[in-house]
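**Student:** Next comes the sequence, and after it the predicted model I'd like to discuss.
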Amino acid sequence: MAPTKTRVPAVEGWFVTDEEGPALLGSRCRTCGTYAFPRETFFCRNPRCDGTEFDEVSLSRRGKVWSYTDARYTPPPPYVAADPYVPFCIAAVELAEEKMVVMGQVVPEVTVDDLAVGTEVELVVDVLYEDDDHEYLVWKWRPVTAGSGGSGV
Ligand SMILES: [Zn+2]
């Protein structure tokens, strides 16, 4: 048996994994309540707000697909890409509470054929890439398959 690899976040401080499940860490402006991810520390992203103090908050674990693509190139930050880059499905997801769009890789077994605008997804943490000693973790989106019932034709 290979020794157990240490699991570490691919990016420090962008998400947590605890008993209740993984969550992205964002910020909420104390002045206007605007959410941001990755979290802001200097300036509020609301152009009409001059707030400079932010609370760290756990963001919604669920959201709806706003846009998606079969990514064949390395997406821009804040997306965190493996190196070398392996193409996967990427989704931009509107978080349930914050109505903020967060990019992320979709779990590997899902293809664009499984996705549609409005598909409900939940946050999971999965291995992005690994080396001899570590598994580097990142958040991914996974379609919620549990029936919510009542989808008419
Ligand atoms: Zn603000």
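**Tutor:** Good, I have the coordinates. A quick note: this is a predicted structure, and the numbers were derived from the prediction, not measured. Numbers count the residues shown, from 1 in each chain.
**Student:** State the next helix or strand along the chain beyond the helix or strand bottoming out on mean pLDDT in the chain.
**Tutor:** Between all helices and strands in the chain, the lowest mean by mean pLDDT, DSSP states H and E belongs to strand 15-18, at a mean of 85. The helix or strand immediately downstream of strand 15-18 is strand 21-29, counting by DSSP states H and E.
**Student:** Which elements pack onto that next one?
**Tutor:** For strand 21-29, the helices and strands in contact under the criterion 3 or more Cβ pairs under 8 Å, 6 or more residues apart in numbering; DSSP states H and E are strand 15-18, strand 35-36, strand 54-58, strand 120-130. Every C-beta, even on glycine, is put in place using the N, C-alpha and C of the backbone.
**Student:** before we move on, the earlier item: tell me which other helices or strands the least confident helix or strand of the chain touches.
**Tutor:** Using 3+ Cβ pairs under 8 Å, 6+ apart: strand 15-18 touches strand 21-29, strand 120-130.
**Student:** With respect to the ion, which of those lies nearest?
**Tutor:** Closest to the ion of these is strand 21-29 (Cβ to the ion; 3.1 Å).
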